Structure formats: C-alpha cells, structure tokens
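Q: prediction below, plus the sequence it came from.
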Amino acid sequence: MNPQGERWTGDQVLALAPDDPSRKAGGRLAVPGPWSGAGARTGGGAVWGECAGSGGTPYRTVVDLDSAEGPGFHCSCPSRKFPCKHALGLLLLWSAGEESVPVADGPPPDWAGQWLDRRRQRAESAAPPSAPPDADAARGRAERRVRRIASGARELEQRLGDLLRGGLAAADGSEYGPWDETAARMVDAQAPGLASRVRELASVRGSGGDWASRLLAECALLHTLNQGFLRLDGLPGPLAATVRTRVGITADSASLLASATPVRDHWLVLAQSDGDDGRLITRRIWLRGRRTGRMALLLSYGAAGRAPELSLPTGLSLDADLAYYPSARPLRAALGTRHAAPGPSPGPPPGGDAGRALAAYGEALRDDPWLDAWPVLLESVVPIPDPEGGWQLADAQGDSALPVDPRHRDRTGLWQLAAISGGRPVTVFGECGHRGFTPLSTWAPEPVLLSPGLSGI
Amino acid sequence: MNTTWDELVSAALLGTERRTPPVRPREGQDVTAALLDAAALHTVRRRAGLVPAAARARPEPAPADPRPALPPAARRRLALLLADRSGSGSGGGRRIGAPDLTELLPQWLATANGHGYQAPADLLPALLEAARARTDLRPAALALGGPRARWLAGLNPQWKYALRAGSATAPGRAAAAGRAGTDEARQVWEEGLFAERVALLGSARRHDPAAARELLTSTWQTERAEDRLMFLDSLREGLSPGDEPFLERALADRSRNVRSTAAELLAALPHSALARRMAERARTCVALERTGGAARIAVEAPHECDKGMQRDGVVATPPSGRGERSWWLSQVVEAAPLAMWRERFGGRGAEAVVTLPVADGWQPELHAAWCRAAVRQRDAEWSRALLGPATAPQEGSSWRDPAKLLSALPPRERAEWVAEFIAAHGLSEAFRLLGVCEVPWAEPLGTALVDALDIARDAGSYPWSFSGVMGLAERCLDPAQADRLEMLTALSDEPPSASPGAVAYWAEAFGRLVGTLRLRAVMAAELAG
C-alpha cells in the first residue's frame, strides 16, 4: 500500500489517529516489547497482535486494511478512542517492516480471523439496499423540510433587516445572545448551513480591524442565500443544487453513487485535514484527477474522539470512481468503486502562479458566490516568512505574491514549508480565497502534509 | 453600481433608519434588502477581482547541506520522538514496556550526528522548538539541523538561541571559512558575530592549533574582557606546549578571570615555566621525613602569598572559615605537576605516596589537593592511587570525589571500578559514579548492575528506591542486557522478606527497562540504515 511495497509508512498510519494524544500514545507502543504473536496477512490486508497492558490479560488488536470503506479496527481494550492507541502502535510497528511484524505463514489466529470474516460478511450484505424506500413518504418528508427551511430563511431575512435598520454599530456585544438563539432556530428549521453562517456572523462582530466591512459582506451573502432558497424554483438546476447544499440539504451519498455518472480517474491524494468543532470531526481529503485535471473534495465525519473512517495517505494515487455532488461548481464528491489499491504517484502535478490561483478562485465564484476558497496548486513559489503574520508565497519569477491567510500565521506548517523550501521555489497545494492562501501540502520532493498544529507552546 | 464599498459600509453602520442608503430599492423591496443586494454584488465582485500582492524581499536561499538524508525508518522515529516531547506526564502514568521517549531523544541525536546525517527539512521546526524548550538538547539538535536550521532560525525571533549557540553548532560562514589562515577566515574573525568567531576559533583549533592561536593573538589587545575569557577557554581543547608563550603573556592580563584561567591552563602543561615555579614552591612546603625507621610526610604551609604566587594564579584571600596558609598550600599543590613527587619522595610511585602517613593532620588537605591536581592534569596513575580499591570502605574520606577522579581514568577502567564498587557497596551510592561512565556501559559494569538490581529485589525493597539508577540504566545499559533482564522479569516467586506487592512492581519496572533497551536497539539499527 505504499511506494516501498505493501506496508504503509508511519506518517500514513499516524494520519489515522483521532487526536494528538492518541498519536503520542500509539508512538510509545510502537516497540516490540509489549507485543506478542504479531503478524500480517500475505499481501497486506490485515494485521493482528496481542499487547501486554497493565492488567493480566493482553489486549487483542486486529486491523482490516483491505476494505472498500477504509481500514477497520478492533481491540479488546476499553478505550473509546477509535482507532485506539493499540491499533495505532501495532500499525506503526507493522509499518517499520518485516522484522517487526512478519507476514504470517498460516491464517490469522481464530480471534482475529473471526472478526475479519464477520466484517467481510457485513460489508457484502450491506451493499445494495434491496427494498426500494417508500418514494411518496420520502418526497413528503423532503417537502416538509423545504417548507421549514423557507420559514427559517424568512425569519433570518427579518433579523438581517432589523440589524441594518438599527445599524451595525448599534449591534454591540449584547447581540451575541440573539444571534445564538437565531442559530439555534435555524438548526430547528433543519438548515444547518444557515445556522453555521449565523454563528459566523456573531464571531465577526468585534473581531477587530475592518469588522464592519466583513460583517456587512457576510450579512449580504447570507441574504443572497436566503433569497436564493426562497426562489429556488426559478433558479437554473445547478445553481439551485448549490443553494440547497449551502443551506444544508445534502444529497445522500449512496443514492448519489447509484444515480450519478461516475468519473473514473487516477486520483492523486493532495492533502487531508481534520477540523474539530468539539462535537464532530470533519475530515477533508482533496484529490486531483490525473487525466481530467479536476479537483475533488471528499468529506468524512467522526464523532468526537473517533477518527473519521476514511483515510487516504497523502501522495498516493487511487484508481477509483468519484461521483460529484450536483452543484454549479462541483467539488465535493463521494468515493465509489476503487479499482485498485492506492499506488505511488510520480512527483508533484503541474500548477500555476499567484495570478492564476486568484483567477481560478474568481472563476469559481461566478458559479458559486458563497465560496470562501478554491483548491489550487501553486508551482514554483517561494515562501516569505514573517513572524508578525504577513506571510507570503511569492512567484519565483516576477514580483507577484499571494498573502497567506492571516488566521494561519501561528501554524507549524508554515515554518515547515519555509524549511522545505530553504528560500528556493517549491510546489504548494492549498486553498486560495478572499482571506488569502492556506497551504496544505508540498513536495520535498516526496509529498509532505503540512502540520496543522500551532507553533510555539 | 456607482456607490463605493465604503459608502455601503457606513450606511450599514449607521442604519437605514438614520440615513438613507445610496441604493435604489426595486418596486416593493425593502430598503435594507436593497442595501444587502448591493453589498453582495460588491463583495463578490471584489473577491472575484482580487489581484496578487507585490512580493516582499525573498529570504536568501539556505546554504547547501551535503550530508546524507536519514534512512526512512529513522526519519519516522525522529518524528515520533519530537511529537512526544510534551507528551510524558500528561498520559496518566506510563505503562509497562512504554518508555519515556523524551529521555531517548539526546541519545538518538548523538547517534544520528555520529552517522553524519542531516535533519529532514519538514522536521526542523519541531526540532528547533524542542531545543528551545530544552537547552541540553541544543548542541546536538543544532548540529543535526545544520546550516538549514540556522537559516530558518534567522527568520524567526523565537529561535534566536540557535544563532547565539557556540562552536560545534554554528556552521554557516564559520564552517565555510573552514581553516584558519585563509582570507575568508580572517574576514569572519575580524567582522563576524561573536558566535561565528567562537565557531571559527573552535574549528580552526581542531585543524591547525597554531594558526588558531595566531588568529587570536592578532586581535587579543582589542577584545573585551568577557570575550577574552571565552576565547581563552576555547584553548582548553588541544592544549599543547606551543600555547605556553601566549598563556604566559595572558598571566599579566588586565582581567583577573583571564589571569586565573591562563594560570589554570598553564598548570595543566607539566613542562611549562609556571608548572616549574609551582613545583618549586610545593617542594619547599612538602617533604619526606624519617622518624625512627618509618617514613612520613611533613608539611610546612606557605607563610605568605607573594606577588609571584599571585601572578601565577594563587588567590591570596581564602574563603571564609578557612585558614589562609592551608588555602595557599592547597592551591600550590594543586597547580604543581604530579610528576615532581616521585623525585621528592625517593622514587616512590603514586600508589606508594598516598599510603605514606602525613604529619600534623595535613592528610585531608594534601590528598584533596592531589585529587584536584590528578583531575586537572588527567593523570590516570594518580587518580587510580587516590581512588584506591573499589571494594575498600568509603567512610572517612570526604575529601575525595570518586566521580571526578574516575573521569581521569580510561573508560574501560572506569566501568570496571564502578562494577566492583556496586558489587561491594550496592546501588545506593552509585548514581553519580554511573553518571561518569561511558555509554553504553561496558562489561562487567552492565552485568554488575543487573546483579545488584536482582539482589535489591530479592532483599524485598521497592523498585522506586532505585528510580534514579533505573532511569540511568534505561538510557545507558547496553541493549544486549535485555535478554538477561527479561529472564528476571519472568521470575515471580515472592521472596519471604518482600514488601507487599513488590514482586509485581519489580516485574513492571524490569519490563519497562527491557522495553526501553529493545527500543534503543531498534533505534540504533534504524540509524545504521
């Protein structure tokens, strides 16, 4: 499964960890000491072992690597983390090579084999939902939801009207309460997209600098979204789909995969990043098709403390079908059939300069005015560090530069990027938007996922 | 769309109730909605029309680093070690076989530097952060980081320390200048930053001691006192008789600290004029005396501390609570070359001299001075004699510092002495002695230590009474001892004298020790590629 063979690299294993403490705990267990009977199935696919803990009975850990939904983990330890440190430690040990976790001569021990078989069976039986769902009932539910969102949108329009009548300056700190309440009402109205934009508004107020300008911009875009939803029937199909998605109605990925025309390509995994809002971990994985040159974004979710199931190691290429969610500017996609295990990919893909990156974002805004940023590859840029926060990525030729999104000024990843570049041009993947550029990965020349952690303490 | 964004913002700030906004609502449209429409149009147009900024000055490219990259497994290990640096303690107690990676980082860095690898660029920020928090890591971390770490540190004020750091760690221009005697070296020496100059002097000293000294002499008169002291200190490495004239001149320096350092260095050169002068003084103070048939040492401490003694580094004023004559005596004996005593004591070697009785209670004073002299002159024969057999009782010799004396013995002998010491006296006094032994501990020291731990366990004590020694053992024991320790882990019969639960605690402590040793073996193999 990796460029060297069928074992993953340590970085790829660590990308599975749900959080930093798990990464560290897994690292400490990645030593032969506590493990016994560790083995791997021929040709990859599964790894198992028993780990001595503080108690008398060792924990039994088994990992299924050969599955369409991404790796599966099972461990007899009581941890609620997923995967737990034992699974991570075992995989790290396995990634170190044949001496640490040898390929087993025979089948796995019973306790591991049974779990692997059950999982395989479950995956097969769960495949197609055979009975067609009650179409009428479903349509009825969808119509009820649209009505509820519409009434939410109307209420929001009123709130925005009130805000502008009284003036943004009057909306001081005491306005936080009402905004939270409004956000909660949007959740009730089953419009999570509107709710998160409302929460965003509350955070812009008093955030310093040109807050009034930013608040007006966000209010205006929210207003446009409300109006778009209230006139959904009059919009062209793709734009309507975009509005629905932005409001928070997402198509079900299973039915999407069943109905949409798949795009088959060798998808290069450009980057993966996790966002954690305390309740939910959202994993974003960016892909780029070698043949089509198209960008795609996979989303995967995990409840707090559990890593999202899907994990694709940065830098590998995946021969697979993708189904794009309908949109005026399709980006988000669902992962369909994988035709082969991920394989190595030669070097960084081609990219553009600073001007082209901004042009690509502008281009995308034509279709989806609510886009904050668009994924782009920058070729031949030099990172210009500035501890005060004004980082830039400058074209190697000419005197154009992209400012780095100031919200990322304290990220270790920026210093990693500077270190890798050493003052020379590098290829960088990231998101280019109105706040600036967010670097996500680079090539040194092997692909490097930039750390999202904060530098300093 | 003739209105500007600023006009829209100020209208929104004041509110449409106070000021009519510069927008025309459609038929039946609320004025606030018209304002928001206009703002949305402006916002999207502005965002879509963003153009690149003007690039600021780009950083100078980092100097090239010709060293090979780490093997992939070692690279991953470094990432783990660095990720763990803040982890210990927070994890709620370490488990069996789960070593404290933070403690292994220094050893990993030293081994990696021994192989001559360069650090992976993407780990430099974490490496610089780790060394910022832990000064003990700095020399090795910065050596591994090499010119690129230094380049990077120059861009981030948080990592300023990396630019201040001294000799072995500041390559950059100084290393490029390489040897003394070149024009470039002279330029760095005359115009460089202090750290660069120290680095240059250090590296020149290793390659061409005489040229380094010349460099130093060329600007000596104009250096500041604290810089002179630092530069003088760097002569300690590779000290040779050729340095004597320079040091002799430094005895007349304006600064007292410079003078005493020069005297100390001269005393370490047994054939220097200063050493001869000190020998002369010592000879007048210490003599062999025969009363009846038995020989003994008679001591007559100096009656004054004259100008000549002071110029040679003898400090006239004693610390409080100490008689001035014994204070002068101890300094004179300490600075005198030890070789003189053979002739003074009728051809007796060190071993015979230390057994001679000393008259009038001068023995502690005299032997303590000899100890310091043996350490300073790195004299193995005298150190060995003053240490005595490791099995001898250690009471009543508080004037002796065995750990320091050991450091003057060859590594192999050190390990043997400490092994005998542990076998005779157990582990309770062994911590400092173990600290001066070369890592990994050579045999028979490793075996002696494992035996002593086994005995301590059988005696029924708890393992945490030996946590200091256990911690050292994790880092210093030869990984080859893991197999023997593993057998001890498996033992489970409770000795009759055992404290409650001690057996289980020992099993856990040994388990952890074994785990760390195995990990160290793995780490070393990874670095070997």
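A: Thanks, I have it. Since this is a predicted model, take the numbers as computed values, not measurements.

Q: from now on I want contacts and neighbour counts done on CA atoms only, so please keep to that.
A: Fine.

Q: which residues touch residue 108?
A: Since you didn't name a chain, this refers to chain A. By C-alpha atoms under 8 Å, 6 or more residues apart in numbering or on different chains, residue A:108 lies in contact with A:39, A:40, A:41, A:48.

Q: my question was about chain B, not that one.
A: Residue B:108 sits next to B:523, B:524 when contact means C-alpha under 8 Å, 6+ apart.

Q: of all residues in chain A, which one is closest to chain B?
A: Distance from chain B to each residue of chain A (C-alpha to the nearest C-alpha) is smallest for residue A:167, at 3.3 Å.

Q: nearest residue to that residue other than its sequence neighbours?
A: residue B:15 (3.3 Å; C-alpha to C-alpha, 6 or more residues apart in numbering or on different chains).

Q: now residue A:46
A: Nearest residue to residue A:46, sequence neighbours excluded (C-alpha to C-alpha, 6+ apart): residue A:64, at 4.6 Å.

Q: give me the neighbour count for that neighbour.
A: Neighbours of residue A:64 under the rule other C-alpha atoms under 10 Å in any protein chain shown: 21.

Q: beta partners of it?
A: Counting by DSSP bridges, residue A:64 forms beta bridges with residue A:46, residue A:72.

Q: and it, what does it touch?
A: By C-alpha under 8 Å, 6+ apart, the contact set of residue A:64 is A:45, A:46, A:47, A:71, A:72, A:73, A:116.

Q: tell me the confidence at the fifth one?
A: If I follow you right, that is residue A:72. Note on residue A:72: pLDDT of 81.

Q: and the least confident of the contacts of residue A:108?
A: Lowest confidence among the contacts of residue A:108: residue A:41, with 82.

Q: isn't that residue up against residue A:104?
A: Yes. Under the criterion of C-alpha atoms under 8 Å, residue A:41 makes contact with residue A:104 at 5.9 Å.

Q: distance of the most centrally placed residue in chain B relative to chain A?
A: Here the mean C-alpha position of chain B is nearest to the C-alpha of residue B:136 (C-alpha atoms, centre = their mean), at a distance of 5.9 Å. Using C-alpha to the nearest C-alpha, to the nearest Å, we find residue B:136 at a distance of 18 Å from chain A.

Q: how is that residue assigned, secondary-structure-wise?
A: helix (DSSP: H, G, I helix; E, B strand; the rest coil).

Q: how's chain B carved up into domains?
A: B:5-48, B:174-269, B:274-399, B:410-528 (automatic domain parsing).

Q: mind putting those into CSV with mean neighbour count and mean pLDDT?
A: Output for the domains of chain B, formatted as CSV (neighbours: other C-alpha atoms under 10 Å in any protein chain shown; pLDDT from 0 to 100):
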stretch, mean neighbour count, mean pLDDT
domain B:5-48, 18, 92
domain B:174-269, 18, 79
domain B:274-399, 17, 85
domain B:410-528, 18, 81
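
Q: so which of those gets nearest residue A:100?
A: Closest approach to residue A:100 among these (C-alpha to C-alpha): domain B:410-528, 9.5 Å.

Q: so what's the residue in the stretch 251-400 of chain B that chain A sits nearest to up against?
A: Residue nearest to chain A within the stretch 251-400 of chain B (C-alpha to the nearest C-alpha): residue B:390, separated by 35.5 Å. Residues in contact with residue B:390 (C-alpha under 8 Å, 6+ apart) are B:417, B:418, B:420, B:421, B:424.
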